[in-house]
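In: pasting the sequence and the predicted model now:
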Amino acid sequence: MRTVDAAGLKIGDDHPPRIMGVLNVSKESPYKPSVFNDPSEAAEYVDRELIDEGADIVDIGLESANKRLDVLSAEDELERLDTALSVLDHVSGDAVFSIETRYHEVADAALANGFDMVNDICGFADPKMPDVCEEHDAAVAKMASPPDLTRPGAIEEVDDIYDALELNGFTDKTIVDPAFGGWSEAKTLEHDRETFDRLREFRGYGYPILVSINRKNFLRDVAGRSTEDALPVSLAATSMAVERGAHIIRTHDVKETRDAALIGHEFARRRVREPGDVSVEELDVTTTGDAARHLDRIGAPRDVATESVTRVFELEGLGDDDREILTAAAADAGAIFAGGDSGGLLVGTPAALGHISDITRDGSDALEGALATIERSVQ
């Protein structure tokens, strides 16, 4: 996993989770507490509510990305950029300033006049965006989107996120964003749940991950909360996202989100990461999907993904004959069955565990049913 330097702010596994606070200079934005059109008032909000509360990055939006609203042109955004630049002049606190845009012209003007990084909500649908970011040596968050400047984040199937993130490549300072939220009518809460469940897979790109999950519908739905009452579910998800490998959390609730992110970071599993003539890094791989993404990244065959993780199942209620049969079949398949007084643990890779039922002979119906359950689980 590479570390991205965003104007001196290091983003990656070896650094604390970074908090991105939000300011909008767009009157259409649905989150009114973060919307300003007076630069001095906006700067006061940035200093008091974002930077002083722990924001490492301040993301300034020029227009609402709501799919129900008309999309501004690059010219329209450039007119609003003057307000955003005035905010920078009035801010007294220290933070990395990000411009949220989909247009390379806006990114170029913002980076040339004081902004530090870009939050591209259309994921390089503008093919000149990566060139502009590289020319300015700027970090860029790339949100998974179709190759269409009018449809930010409108990915309708989770597997399509990967193709979308690869659109027009990556810069050396890219940060990937899997695009949580209802960016299209076809995208459901189940899609966001699946994306969150598979969050570790996005580490397979080798770039830091940004997530924007603050008060999102798929979290509110779990607890049956309104937007106003959804802070607790957002904080719970924040800790989980950081534990699963997220590096930047974009939020309107900076102070609370910072604390939740630090808890996730503190109790995440520590993995070996040693530089040297031969560098060593223990990857955050818990599923065959995680492994497959890393194999794709290094150009290795995907067929070893099922040999890349270990699963452990406890079985209770086996008779003596079934224990002997399972012990032998597990060994032949390359797995292990360790029997104890009250049960046993079946340990192996998904490939090995999936093979056991094929070679088990003369087992009881109960054993066959248990092995079928395990085989379905590891597919």
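Out: Received the coordinates, thanks.
In: and the closest residue to Ala370 other than its chain neighbours, how far from Leu50?
Out: Excluding the flanking residues, the one nearest Ala370 by Cβ to Cβ, 6 or more residues apart in numbering is Leu315, at 5.8 Å. C-betas here are computed from N, CA, C, even on glycine. Distance, Leu315 to Leu50, by Cβ to Cβ, to the nearest Å: 52 Å.
In: for Asp131, same thing?
Out: Distance, Asp131 to Leu50, using Cβ to Cβ: 30 Å.
In: and these two? Which one has more around it.
Out: Taking neighbours as other Cβ atoms under 10 Å, Asp131 and Leu50 compare with Leu50 leading, 27 against 15.
In: the nearest residue in space to Met1 that is not next to it in sequence: what's it in contact with?
Out: Spatial nearest neighbour of Met1, excluding adjacent residues (Cβ to Cβ, 6+ apart): Asp13 at 4.8 Å. Going by Cβ atoms under 8 Å, 6 or more residues apart in numbering, Asp13 touches Met1, Thr3, Gly245, His247, Arg273.
In: now for the last one, how many residues are close by?
Out: By other Cβ under 10 Å, the residues close to Arg273 number 13.
In: what pLDDT does it get?
Out: pLDDT, Arg273: 87.
In: hmm, back to that, for the contacts of Asp13, pick the one with the most neighbours.
Out: Of those, with other Cβ under 10 Å as the count, His247 tops at 27 neighbours.
In: which residue is the nearest non-sequential neighbour of that one?
Out: In space, His247 is closest to Pro208, 4.0 Å off (Cβ to Cβ, 6+ apart).
In: adjacent strands (with direction) for the worst-scoring helix or strand of the chain on mean pLDDT?
Out: Ranked by mean pLDDT, DSSP states H and E, the helix or strand of the chain with the weakest confidence is strand 273-274, at a mean of 88. Note on strand 273-274: by DSSP bridges, its sheet partners are strand 280-281 (antiparallel).
In: if we can go back for a sec, which of the contacts of Asp13 lies closest to Ala372?
Out: Gly245 (32.5 Å; Cβ to Cβ).
In: for burial, what's the neighbour tally of the nearest residue to that closest one once chain neighbours are set aside?
Out: Nearest non-adjacent residue to Gly245, counting by Cβ to Cβ, 6+ apart: Arg203, 4.8 Å away. By other Cβ under 10 Å, 24 other residues sit near Arg203.
In: name the element Val118 belongs to?
Out: strand 117-120 (DSSP states H and E).
In: which element is encountered next along the chain beyond that strand?
Out: Under the assignment DSSP H and E, the closest C-terminal helix or strand after strand 117-120 is helix 129-135.
In: now do that next one: distance to the chain's middle.
Out: For helix 129-135, the gap between its own C-alpha mean and the chain's C-alpha mean amounts to 23 Å (Cα atoms, centre = their mean, to the nearest Å).
In: partner strands of the very next helix or strand once past that helix, parallel or antiparallel?
Out: Following helix 129-135 in sequence order, the next helix or strand is strand 139-143 (DSSP H and E). Each strand paired with strand 139-143, and its direction, by DSSP bridges: strand 117-120 (parallel), strand 174-177 (parallel).
In: centre of the chain to the helix or strand following strand 139-143, how far?
Out: Scanning forward in sequence from strand 139-143 by DSSP H and E, the next helix or strand is helix 160-165. On the basis of Cα atoms, centre = their mean, helix 160-165 is displaced by 13 Å from the centre of the chain it belongs to.
In: just stretch 93-106 next, same as before
Out: The answer for stretch 93-106 is 20 Å, by Cα atoms, centre = their mean.
In: which segments of the chain make up each domain?
Out: 4-268, 310-378 (automatic domain parsing).
In: doesn't the residue nearest to Gly245 belong to a helix?
Out: Yes - counting by DSSP: H, G, I helix; E, B strand; the rest coil, Arg203 is part of a helix.
In: assumed Phe337 was part of a helix.
Out: No - going by three-state DSSP, the assignment for Phe337 is strand, not a helix.
In: name the nearest residue to it, ignoring sequence neighbours.
Out: Nearest to Phe337 is Ala330, by Cβ to Cβ, 6+ apart, at 4.2 Å.
In: for the one you found, give its distance to Asp321.
Out: 15 Å.
In: for Glu44, same thing?
Out: Separation of Glu44 from Asp321 (Cβ to Cβ) stands at 76 Å.
In: now what about the longest helix anywhere in the chain, what contacts it?
Out: Criterion DSSP state H: the longest helix present in the chain is helix 74-90. For helix 74-90, the surrounding residues in contact (Cβ under 8 Å, 6+ apart) are 23, 25-26, 36-37, 39-40, 42-44, 46, 60, 62-63, 72, 97, 99, 101, 103, 105-106, 109-110, 113-115.
In: ok so, going back, more neighbours, Glu44 and Asp321?
Out: For Glu44 and Asp321, the more surrounded residue by other Cβ under 10 Å is Glu44, and the numbers stand at 16 against 12.
In: report pLDDT for the residue nearest to Gly245.
Out: Note on Arg203: pLDDT of 94.
In: tell me who's in contact with it.
Out: Here Arg203 is in contact with Met1, Ile209, Gly245, Leu283, Asp284, Asp290, Arg293, His294 (Cβ under 8 Å, 6+ apart).
In: now, the contacts of helix 74-90 that are in helices?
Out: Reading helices off these with DSSP H, I get Pro39, Ser40, Ala42, Ala43, Glu44, Glu105, Val106, Ala109, Ala110.
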